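Novice: sequence and computational prediction follow.
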Amino acid sequence: MRERGGTGFRGVSGIVERANGELWLHDTGGLARIESAALERAGAGGAVAAERFDHLDGHRGMAAQLQPLPSLVQADDGRIWYATSTSIGHIDPDAIARNRRPPTVLIEALRTDRRHYLPGTEHILPPGKRRLEIDYTATALSMPERVRFRYRLIGQDGGWRDADTQRQAVYTNLAPGAYSFEVLAANEDGVWSPQPARAAFRIEPAFTQTVGFRLACAVAVLAAAWLLHHWRLRRVAARLREHLTVRMLERQRIARTLHDTFLQSVQALVLRMHALMGKLPSDSGVRADAENVLARAEDVIDEGRQRVRQLRVPGVRHGCLLQALEEAGLALAGSGAVRFERQLTGKARELDPETEDELFTIGREALSNAFHHAQATRVTLALDYGAERLRLAVSDDGHGIAPDILASGARGALGLAGHARAGPPGRRRARDRQHSGRHHRQHMHTGNNCLPGNAPCMSGARHIGYPWQGQPQDRS
């Protein structure tokens, strides 16, 4: 059995059990009274609450540890006698005087690191005070040593704190705000004061604890995130520009190589053929065939030079896709009989630079093929800026491609079906893919390929879908 909230039962040399079940112990701390109900609640090995009688109640000396034993006995009249090392005394359990008057509790002062505050009105404490001491006491003159206290700080504590006989409460690192301190006191017989003593105070916030400072910090964090985001965008844009520069330099290198080797070699062959033709009779059939071959070779040279110029010149300035394609279409139309039209749906938005350049190359090639090979009277360029992707369509009212060539390809060509099966789907150019949409009744030329009247494509047009910059490159 253990004592709850006390020093414990040490050196017990006398035990008396009364008829009503009370248990009296005599140990080195004096007399201890334990009610029967407390014994039943504690059980074996539990902690029990005991009422102490020590030198404050007239008990002198220490319980005898050797002789006489036992040091505690009950007389026939109900009184309990005890023997100590210096005296013999008795106590009547049925005639113990009780103090029924509750003590009056008072708050004496509030103290911070450098200032002393008297109770009364609500005090305003300056910011930055890490330690707050609150002194309190109670007017219990009969036995002030046994007055017990409990307190709470409204705004900080969730419930009452048992302070035992301590007369000071200490708080550290209180947050800014309004507080109210309450304290209760109990006399030696456990009679508590009916009303607590109160002291109200308020702690001013430091500059770093104000709402304005926190908002400024939040704004600073958002600004830093915004600057970091834009710095990241600039880094990405710089890498893209570097990539495009490298790509353009490579295109120029390829153009120089084609011009200085392949085209010059073809040109030399043409000159050689002209020299040989001079040796043939003017009415020879072989001379006529040779002239046709030379004309075709000169067309090949002209087309090759045009391709070389396209490789050397940047395709499109970033953000000017529509303008670049329109300029290419107007240049191809020139003063000829083919009418060029352009259609824009939605609001123009920014694309990834590499994707934009690739899309311009595809659109320019489709326009060139439509103007040169479709034998059309009208060529239409359509750009549809949707919510998630861009759709490019080049259509014409030309003669189109025969269904058998469209399906299987001509000699040396794959056709649309073959192109749809060729190459990795994630990186193929749009001309190497199969697309969807609607089609007019007649055959329409579609860039390098041609779709039949009932093929699922708009107006025989090539459809190219690209996501916006920053979205996954899932191309349909």
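Specialist: Okay, I see it.
Novice: what about the residue nearest in space to the middle of the chain, which SS state?
Specialist: Central residue of the chain (C-alpha atoms, centre = their mean): Ala225, 12.3 Å from the mean position. When classified by DSSP: H, G, I helix; E, B strand; the rest coil, Ala225 comes out as helix.
Novice: same question, Ala220
Specialist: helix.
Novice: that one: how many residues sit nearby?
Specialist: Residue neighbour count, defined by other C-beta atoms under 10 Å, stands at 10 for Ala220. Placement of C-beta: from N, CA and C, glycine included.
Novice: try the one 3 residues further on
Specialist: Using other C-beta under 10 Å, the number of residues around Ala223 comes to 10.
Novice: again, but for Gly89
Specialist: Neighbours of Gly89 (other C-beta under 10 Å): 15.
Novice: look up how far Ala109 lies from the residue nearest to the centre of the chain.
Specialist: Shown here: Ala225 relative to Ala109, a distance of 49 Å by C-beta to C-beta, to the nearest Å.
Novice: need the helix or strand of the protein with the lowest average pLDDT.
Specialist: strand 449-451 (a mean of 32; mean pLDDT, DSSP states H and E).
Novice: hang on, the earlier thing: how about the contacts made by the residue nearest to the centre of the chain?
Specialist: Going by C-beta atoms under 8 Å, 6 or more residues apart in numbering, Ala225 touches no other residue.
Novice: ok, now Gln168?
Specialist: 133-136.
Novice: so which of those belong to strands?
Specialist: Judged by DSSP state E, the subset of the contacts of Gln168 located in strands is 133-136.
Novice: most surrounded residue in those residues?
Specialist: Going by other C-beta under 10 Å, Tyr136 tops these with 25 neighbours.
Novice: three-state assignment of Tyr82?
Specialist: Under three-state DSSP, Tyr82 falls in the strand class.
Novice: strands of the stretch 201-350 of the chain, start to end?
Specialist: Remark: strands assigned in the stretch 201-350 of the chain by DSSP state E, counting those that start in this stretch are 339-345.
Novice: where are the low-confidence patches of it?
Specialist: Low-confidence segments of the stretch 201-350 of the chain, defined by pLDDT under 70: 310-319, 335.
Novice: for the stretch 351-476 of the chain, same thing?
Specialist: Using pLDDT under 70, the stretch 351-476 of the chain drops low at 402, 405-476.
Novice: if we go to 80?
Specialist: Across the stretch 351-476 of the chain, the ranges flagged by pLDDT under 80 are 351-355, 357, 388, 400-476.
Novice: hey, where'd the helices end up in this structure?
Specialist: 36-42, 211-257, 264-277, 285-312, 321-333, 353-373, 403-408, 415-421 (DSSP state H).
Novice: which of the ones you listed sits most buried?
Specialist: Of the helices of the chain, the one with the most neighbours on average (mean count of other C-beta atoms under 10 Å) is helix 353-373, at a mean of 21.
Novice: report the angle between it and helix 285-312.
Specialist: Relative orientation of helix 353-373 versus helix 285-312 (axes from the mean of the first three to the mean of the last three C-alpha atoms, to 10 degrees): 150 degrees.
Novice: so which elements touch helix 353-373?
Specialist: Here helix 353-373 is seen to pack against helix 211-257, helix 321-333, strand 378-385, strand 389-396, strand 444-446, strand 462-467 when contacts are counted using 3 or more C-beta pairs under 8 Å, 6 or more residues apart in numbering; DSSP states H and E.
Novice: isn't Arg378 right up against Asp396?
Specialist: Yes - with contact defined as C-beta atoms under 8 Å, Arg378 counts as touching Asp396 (6.5 Å).
Novice: more neighbours: which of these two?
Specialist: Asp396 (28 against 14).
Novice: with adjacent residues omitted, what lies nearest to the more buried one?
Specialist: Ala376 (3.8 Å; C-beta to C-beta, 6 or more residues apart in numbering).
Novice: tally of neighbours for that neighbour?
Specialist: What Ala376 shows, counting by other C-beta under 10 Å, is a neighbour count of 21.
Novice: quick one: contacts for it?
Specialist: Taking C-beta under 8 Å, 6+ apart as the test, what Ala376 contacts is 338, 370, 396-398, 445.
Novice: about what we covered before: could the helices and strands packed on helix 353-373 be laid out in a markdown table, adding distance to Gly14?
Specialist: Listed next are these as a markdown table, based on distance: least, C-beta to C-beta, whole Å:
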| stretch | distance to Gly14 |
| --- | --- |
| helix 211-257 | 66 |
| helix 321-333 | 106 |
| strand 378-385 | 101 |
| strand 389-396 | 97 |
| strand 444-446 | 115 |
| strand 462-467 | 94 |
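Novice: and His55, how many neighbours?
Specialist: Other residues within reach of His55, judged by other C-beta under 10 Å, total 10.
Novice: is it true that it touches Met62?
Specialist: No - taking C-beta under 8 Å as the definition, His55 is not a contact partner of Met62, at 10.3 Å.
Novice: Pro353 reaches Arg247, doesn't it?
Specialist: No - taking C-beta under 8 Å as the definition, Pro353 is not a contact partner of Arg247, at 9.9 Å.
Novice: quick check: closest non-adjacent residue to Asp27.
Specialist: Among residues not flanking Asp27 along the chain, Val12 sits closest, at 4.5 Å (C-beta to C-beta, 6+ apart).
Novice: my guess is Val147 contacts Ala140. True?
Specialist: Yes - in this structure, Val147 is within contact of Ala140 by C-beta under 8 Å, at 4.7 Å.
Novice: need the nearest residue in space to Ser180, chain neighbours excluded.
Specialist: Ile154 (4.3 Å).
Novice: so who does Gly30 touch?
Specialist: 52-55, 57, 59, 63.
Novice: can you tell me which of those has the most neighbours?
Specialist: Ala63 leads the contacts of Gly30 on contacts (other C-beta under 10 Å) with 25 neighbours.
Novice: how far away is that one from Gln264?
Specialist: From Ala63 to Gln264 the distance is 125 Å (C-beta to C-beta).
Novice: I figured Ile34 hits Arg18, correct?
Specialist: No - using C-beta under 8 Å as the test, Ile34 is too far from Arg18 to be in contact (10.6 Å).
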